[in-house]
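[1] what's the 3D shape of this:
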Amino acid sequence: MRTCAVIPAYKVKNHLVDVVVGVLAHVDHVFVVDDACPEGSGRYLLQSLPDSPQVTVIFHEGNLGVGGAVLTGYSKAREAGFELAVKVDGDGQMNPKYIPALLAPIASGAADYTKGNRFFRPSYLLDMPRARLAGNAALSFLAKVSTGQWHIMDPTNGFTAIHLGLLDWLPHDRIQKRFFFETDMLFWLGTVDAVIQDIPMPSLYGSEQSNLSVKSSLVEFSKGHLGLFFRRIFYSYFLRNFNMASVFLLCSLPCILFGAIFGATAWKTSVETGVPATAGTIMLAALPVIVGLQLLLGFLNFDMATQPRHALWKRLGK
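    Numbering: from 1, shown residues only. This next block holds a predicted model:
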């Protein structure tokens, strides 16, 4: 299979040349997408590597975000006949030696999409700043709930690889183009039953500065996860499919809500009148909550166990 790398370039002038040179040792071609970089990263790369037919630089007239840049690179790579693409950031945080590990499961037909996982071993986290460690752990749990990819970790890890045949099944115009891109990709890949696999790798941090503002992205990430969750539940359990898990979910919420409201009302009445609630009243409040929680646990168990086993590109012969 023909392999390539897609590198979004925005404010990475000081690292880009070294990243491209390192990546070229593991792929056939590199597509660099200058996302209207104010430092002129793309032009600087062309000046630094003037005679490199293995490097293509694409320029955006306006900034589209990391997702927009990556999707542009994917499309150009697909048009050029490449089958596998690895996405590498241009800031030097990703070690190129792990590119073969990312590409191997896809090439063998075991996966459609692979991504780095810095949480696989405790030793991998030694170089990760503690604030990022806590934030990534919290985001990992939110991403599991919102995307349904319960088996993956480290969802914000942008070191990924994909079989480009999947582009035919993904709605490019609906994928988030900025810092929520990686998580949104997990959601959309889940809607087509693509196989996603984590690849263990250590964290790597240097002198580079992140372009992500924690404060400005907090609301965006929270809203994004909430929106993905409701869309996933509606699409997976009511629109595309309807099964016992759908029934469990539909029955659990009314039971929990009824028990909670009835119990709170009975407790308030008991406090105001001074008359203790009867055993029957207590059971009438507690039993629906218990049943509802059991049904909800049944739904979660089904949701966690439902994972595709065979690569989509292999099944479709892409």
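[2] What helices and strands are in contact with the top helix by length along the chain?
    Scanning the chain for the longest helix, with DSSP state H as the assignment, gives helix 244-273. Helix 244-273 sits against helix 279-305, with contacts defined as 3 or more C-beta pairs under 8 Å, 6 or more residues apart in numbering; DSSP states H and E. C-beta coordinates here come from the backbone N, C-alpha and C atoms, glycine included.
[3] now the helix it packs on and helix 244-273, what's the angle there?
    150 degrees (axes from the mean of the first three to the mean of the last three C-alpha atoms, to 10 degrees).
[4] quick check: mean pLDDT across helix 279-305?
    Averaged over helix 279-305, pLDDT sits at 94.
[5] cool, stretch 36-43 as well?
    Stretch 36-43 comes out with an average pLDDT of 94.
[6] Now for the most centrally placed residue in the chain: which residues touch it?
    The residue lying closest to the centre of the chain (C-alpha atoms, centre = their mean) is T183, at 2.5 Å. T183 sits next to 139, 143, 146-147, 155-156, 176, 224-225, 228 when contact means C-beta atoms under 8 Å, 6 or more residues apart in numbering.
[7] Now with 6 Å, please.
    Residues counted as contacts of T183 (C-beta atoms under 6 Å, 6 or more residues apart in numbering) are 143, 155.
[8] try G263
    Going by C-beta under 6 Å, 6+ apart, G263 touches A285.
[9] which stretches of this protein have low pLDDT?
    When residues are selected by pLDDT under 70, those of the chain lie in 124-127, 129, 132, 204-219, 317-318.
[10] The same query, at a cut-off of 80, please.
    Filtered on pLDDT under 80, the chain yields the residue ranges 121-136, 179, 203-222, 314-318.
[11] domain assignment for it?
    Recorded structural domains for the chain (assignment: automatic domain parsing) are 3-214, 242-305.
[12] Out of those, the one nearest Y235 is which?
    Checking these against Y235 by C-beta to C-beta gives domain 3-214 as the closest, at 6.2 Å.
[13] so E39 sits right up against K13, yeah?
    Yes - if you go by C-beta atoms under 6 Å, E39 and K13 touch, sitting 4.1 Å apart.
[14] ok, these two, which is more surrounded?
    K13 (19 against 15; other C-beta atoms under 10 Å).
[15] Please tell me how far the more buried one sits from D34.
    Remark: distance between K13 and D34 (C-beta to C-beta, to the nearest Å) = 10 Å.
[16] Overlap in contacts, those two.
    Common neighbours of K13 and D34 (C-beta under 6 Å, 6+ apart) are S41.
[17] Helices of the stretch 101-250 of the chain, start to end?
    Taking DSSP state H, counting those that start in this stretch, the helices of the stretch 101-250 of the chain run over residues 130-147, 181-191, 214-234, 244-273.
[18] quick one, which of those helices is nearest to W169?
    Checked against C-beta to C-beta, the stretch from these lying closest is helix 181-191, at 8.6 Å.
[19] Please compute how far that closest one lies from its chain's middle.
    How far helix 181-191 lies from its chain's middle: 5 Å, per C-alpha atoms, centre = their mean, to the nearest Å.
[20] Just want the angle from that helix to helix 130-147.
    Taking the same axes, to 10 degrees, one finds helix 181-191 and helix 130-147 inclined to each other by 30 degrees.
[21] Next, format the helices of the stretch 101-250 of the chain as CSV and append distance to A161.
    Formatted as CSV, the helices of the stretch 101-250 of the chain follow (distance: least, C-beta to C-beta, whole Å):
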stretch, distance to A161
helix 130-147, 18
helix 181-191, 12
helix 214-234, 22
helix 244-273, 31
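[22] From S246, how far off is the nearest residue to C251 once chain neighbours are set aside?
    With sequence-adjacent residues excluded and distances taken as C-beta to C-beta, 6 or more residues apart in numbering, C251 is closest to L295, at 5.3 Å. Distance, L295 to S246, by C-beta to C-beta: 11 Å.
[23] more neighbours, those two?
    L295 (21 against 16).
[24] Check the gap between that one and G190 for me.
    23 Å.
[25] same check, this time on K314
    Relative to G190, K314 is positioned 17 Å away (C-beta to C-beta).
[26] Compare neighbour counts for the two and give me the winner.
    More crowded of K314 and G190, by other C-beta under 10 Å: G190, with 20 against 17.
[27] any idea how far the residue nearest to S236 when sequence neighbours are not counted is from L139?
    Nearest residue to S236 in three dimensions, chain neighbours excluded: G148, at 6.9 Å (C-beta to C-beta, 6+ apart). Applying C-beta to C-beta, one obtains 15 Å for the distance of G148 from L139.
[28] same check, this time on F262
    Taken as C-beta to C-beta, the span from F262 to L139 is 37 Å.
[29] for N95, same thing?
    Distance of N95 to L139, given as C-beta to C-beta: 22 Å.
[30] So these two - more neighbours on which side?
    When N95 is set against L139 and neighbours are counted by other C-beta under 10 Å, the residue ahead is L139, at 18 against 15.
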